[in-house]
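Enquirer: Model the following, please.
(one chain, ligands or ions: 2)
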Amino acid sequence: MKILLAGGAGFIGSHTVVELIQAGHEPVVVDNLYNSNRKVFERLKAITGKDVCFYEADVCDAQAMDDIFAREHFDAVIQFAGYKAVPESVRESVKYYRNNLDTTLTLLECMQRHGVTRIVFSSSATVYGPIEESPLVETMPSAGPTNPYAWSKYMNEVILRDAVVSNPGWSVALLRYFNPIGAHESGLIGENPLGIPNNLMPYVTQVAVGKLPHLNINGTDFPTPDGTGVRDYIHVVDLARGHVAACDYLFDHTGCEVINLGTGVGYSVMDVVNTFERVNELTLEKVIAPRRPGDMASYYSDPTKAKNLLGWQTEKTLDDMCRDSWRWQKNNPNGYED
Ligand code: NAD
Ligand code: WQD
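Expert: Ligands and ions are numbered 1, 2, ... in the order given. Purely as a prediction, here's the structure:
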């Protein structure tokens, strides 16, 4: 299948390029490089041996996207393009709504004009909202998103669900990712956050490489076994393989499915820190800090539906995630910059 990866130069998109090629598909990337770097394509060639087709364009640019759709004749679309920093989404809500909705709406109009009927969407576990009873199952109603980023994902889900109703014969997978970490085991591609990271693993690796002085452990008084927050960390390569499985599924099914992509296992902040230190034989500077406002104690998936519907389940361990995240950061202290 020829598959458009909108936002495919980023963290999850670049790993999905590798897995799609290895599964015999033909990925085509469109990205405006807002949060990515064209050097990723040299790295992708080193990993896969292939020149990946790349268009530098804004996915909200309907004319540019129309031209690309007319030229490429896609079999399916994966929609990664969007902004993803939760605190920034609170400060710059209009910017987030504009980009995170416009990218999808522009793609859907192009799909209608060019007869493309399959789309995989990067949704997020954050759509479930503040539910204190994990595991989270797709049938649970949302408790209401708590920030503009989360709302933008929720709204995208509504738009895509309605698009299937108005376009019978379309197939849509709304993939709710839990906490993607890790990197390709080559150490050539990985997460490259803008500025100071918001998320745990890129913060840990930047402390380990000496770019940040210490790690804040945000909250040690949660009702969890060791008092720190519990999350469902998923290796980005497993996550990327989930997209390959979703594309295969969409090929011979119609309708709209919400699907969790997680491991089903919760690890605490201290589990991650201890594992990172053990497998990489180093020690992190740590400071006990207050909880971040709005953080849940425990948040993890029930991944049964993905297994039953897609025949997909995770294979990599927390050791793999910590080893691979560190290899990427150690080999590329400044990401894709020299
Ligand atoms: P990322 O920022 O690394 O990748 C997103 C890519 O989209 C970037 O390369 C960026 O340049 C591009 N982009 C943004 N707006 C664009 C536009 N208007 N036109 C063209 N390209 C545009 O993020 P990621 O971690 O790879 O996440 C991919 C998707 O998955 C995002 O939609 C994100 O919200 C979602 N998601 C991520 C996580 C996570 O923790 N990483 C969790 C759940 C969901
Ligand atoms: C994990 C745990 C923190 C940083 C976020 C988004 C969510 C989704 C995934 C996109 C928590 C603790 C963190 C630090 C810490 N993204 N922590 N010190 O909050 O589960 O989810 O990313 O859709 O929308 O909200 O992930 O990595 O930020 O935090 O102690 O410096 O690590 O308190 O318990 P989170 P996270």
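
Enquirer: Ramachandran coordinates for residue 214?
Expert: phi -160, psi 160 (degrees, to the nearest 10).

Enquirer: again with the one 5 residues further on
Expert: With angles defined as degrees, to the nearest 10, residue 219 sits at phi 100, psi 120.

Enquirer: where do the helices sit along the stretch 151-300 of the chain?
Expert: Along the stretch 151-300 of the chain, the segments classed as helices by DSSP state H, counting those that start in this stretch run 200-208, 236-251, 269-280.

Enquirer: Let me know whether the first one sits next to ligand 2.
Expert: Yes - taking C-beta under 6 Å from any ligand atom as the criterion, helix 200-208 and ligand 2 are in contact, through 200, 203. Just so you know, the C-beta spots here come from the backbone N, C-alpha and C atoms, and that holds for glycine as well.

Enquirer: Now the residue of the stretch 1-150 of the chain at minimum distance from ligand 1: closest residue in space that isn't a chain neighbour?
Expert: The stretch 1-150 of the chain approaches ligand 1 most closely through residue 10 (2.0 Å), counting by C-beta to the nearest ligand atom. Leaving aside its sequence neighbours, residue 10 sits nearest to residue 36 (C-beta to C-beta, 6 or more residues apart in numbering; 4.8 Å).

Enquirer: just checking, the one you found touches residue 5?
Expert: No - counting by C-beta atoms under 8 Å, residue 36 does not reach residue 5; the two are 11.4 Å apart.

Enquirer: re earlier: looking at the helices of the stretch 151-300 of the chain, which is nearest to ligand 1?
Expert: Closest among those, once you apply C-beta to the nearest ligand atom, is helix 236-251, at 8.2 Å.

Enquirer: I'd like the average pLDDT over that closest one.
Expert: Here helix 236-251 scores 98 as its mean pLDDT.

Enquirer: returning to that earlier point: now do the residue of the stretch 1-150 of the chain closest to ligand 1 against residue 108, distance only.
Expert: When C-beta to C-beta, to the nearest Å is the yardstick, residue 10 and residue 108 sit 20 Å from each other.

Enquirer: coming back round to it: contacts only, for the residue of the stretch 1-150 of the chain closest to ligand 1.
Expert: 31, 35, 36, 80 (C-beta atoms under 8 Å, 6 or more residues apart in numbering).

Enquirer: And it, how close does it get to residue 287?
Expert: Using C-beta to C-beta, we find residue 10 at a distance of 30 Å from residue 287.

Enquirer: next one: residue 279
Expert: Remark: distance between residue 279 and residue 287 (C-beta to C-beta) = 22 Å.

Enquirer: How about residue 262?
Expert: 29 Å.

Enquirer: the more surrounded of these two?
Expert: Neighbour totals were compared for residue 262 and residue 287, and residue 262 leads with 29 against 10 (other C-beta atoms under 10 Å).

Enquirer: now that one, nearest residue through space, not along the chain?
Expert: residue 301 (3.0 Å).

Enquirer: In the top helix by length along the chain, which residues are buried?
Expert: Ranked by residue count, the top helix of the chain under DSSP state H comes out as helix 93-114. When neighbours are counted by 16 or more other C-beta atoms under 10 Å, the buried residues of helix 93-114 are found to be 96-97, 99-104, 106-108, 110-111.

Enquirer: which outside residues touch it?
Expert: Outside helix 93-114, the residues that touch it by C-beta under 8 Å, 6+ apart are 6-7, 59-62, 65-66, 69-70, 73-74, 77, 79, 81-83, 88-89, 116-117, 119, 121, 148-149, 151-153, 155-156, 159-160, 163, 167, 170.

Enquirer: Let's see that with 7 Å instead.
Expert: 6, 59-60, 62, 65-66, 69-70, 77, 79, 81-83, 89, 119, 148-149, 152, 155-156, 159, 163, 167 (C-beta atoms under 7 Å, 6 or more residues apart in numbering).

Enquirer: quick revisit: between the contacts of residue 10, which is closest to ligand 2?
Expert: Closest approach between the contacts of residue 10 and ligand 2, by C-beta to the nearest ligand atom: residue 80, at 11.5 Å.
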